[in-house]
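A.B. asks: build me a model from this:
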Amino acid sequence: MKNIINIPECKDCAICSNSLFLHLTPEQLAELNFDKGCDVHKRGNIIYHEGSRVNGVYCVNKGIVKLYKTGLEGREQIIRFAQKGEMIGYRSLLSGEHACHSAKVLEDAVLCYVPEEILFEMLRKNSDFAIGLLQFTCRELGEANSFITEIAQKTVRERLAEVLFILKSNFGIDDDGVLQISLTREELANMIGTATESVIRLLSEFKDDNLIEINGRKIKLLNQKLLKKTANIYD
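C.D. replies: Numbering: from 1, shown residues only. The predicted model follows:
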């Protein structure tokens, strides 16, 4: 049952530059648009839990969804954020395993649900879509491998500076240089694998060094060149 008044059109998500739906034909987009289910999810809603059975994939039409694993003592390790045009839950569905992470709404979202039989039908009928999903999965795995290496080899200060650049790359900044995503100090800590207190201290140091400006959860990048040097990133 579709629970929102204006059902998002799949062709609108397909025009997103990072959307796998670009590989679908107009006919397949129309079929997908008919077969999917859509719903509104408020910030804090859990879409699915790690270890649960996944019977389909979710497509983000609006908002941001946080994907994370739960470690010792219930501590979160954020894997990535999904936004408009991206799918979540596909990796567990393709492998036939239970969900390997949890998905939680970070910003109010509109999500469309595609049952597994519909997804597999698209994969069987459209090789470009299948290859696109395979390439996306490989890129995600490569990014995860790189992040594991960086956690092992970079200092917490370097990792925090790099995360700010990752957030800039994924979500952009406004005309004033403010990151277009708001995260709590705990969420930043869960991204780089450290204590919340360490992030609070480092953000204060970055502010004293005129690298950033902080207004609540909003972070403004003041000196990107020096911040990049702090992150030990070289072009």
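A.B. asks: hang on, residue 160 in a strand?
C.D. replies: No - under DSSP: H, G, I helix; E, B strand; the rest coil, residue 160 sits outside any strand and is assigned helix.
A.B. asks: show me what contacts it?
C.D. replies: 188, 192, 199, 202, 203, 206 (CB atoms under 8 Å, 6 or more residues apart in numbering). (Each C-beta comes from the backbone N, C-alpha and C, glycine too.)
A.B. asks: pop the domain breakdown of this structure in here.
C.D. replies: 10-150, 154-230 (automatic domain parsing).
A.B. asks: and the end-to-end length of the longest one?
C.D. replies: As for domain 10-150, its first-to-last residue distance stands at 37 Å under the measure CA to CA, to the nearest Å.
A.B. asks: can you check the shortest one too?
C.D. replies: Across domain 154-230, the terminal residues are separated by 11 Å (CA to CA).
A.B. asks: give me the mean pLDDT for that domain.
C.D. replies: What domain 154-230 shows for mean pLDDT is 94.
A.B. asks: ok, so of the contacts of residue 160, who is nearest residue 225?
C.D. replies: residue 206 (13.9 Å; CB to CB).
A.B. asks: is the most centrally placed residue in the chain in a helix, a strand, or coil?
C.D. replies: The geometric centre of the chain, computed from its C-alpha atoms, lies nearest to residue 81 (CA atoms, centre = their mean), at 1.5 Å. Secondary structure assignment for residue 81 (three-state DSSP): strand.
A.B. asks: got a list of what it touches?
C.D. replies: 64, 65, 66, 67, 106, 170, 171, 181.
A.B. asks: ok, now with 10 Å
C.D. replies: 60, 64-68, 106-107, 166-167, 170-171, 181, 183, 187, 191 (CB atoms under 10 Å, 6 or more residues apart in numbering).
A.B. asks: pLDDT wise, what is it at?
C.D. replies: On the pLDDT scale, residue 81 gets 93.
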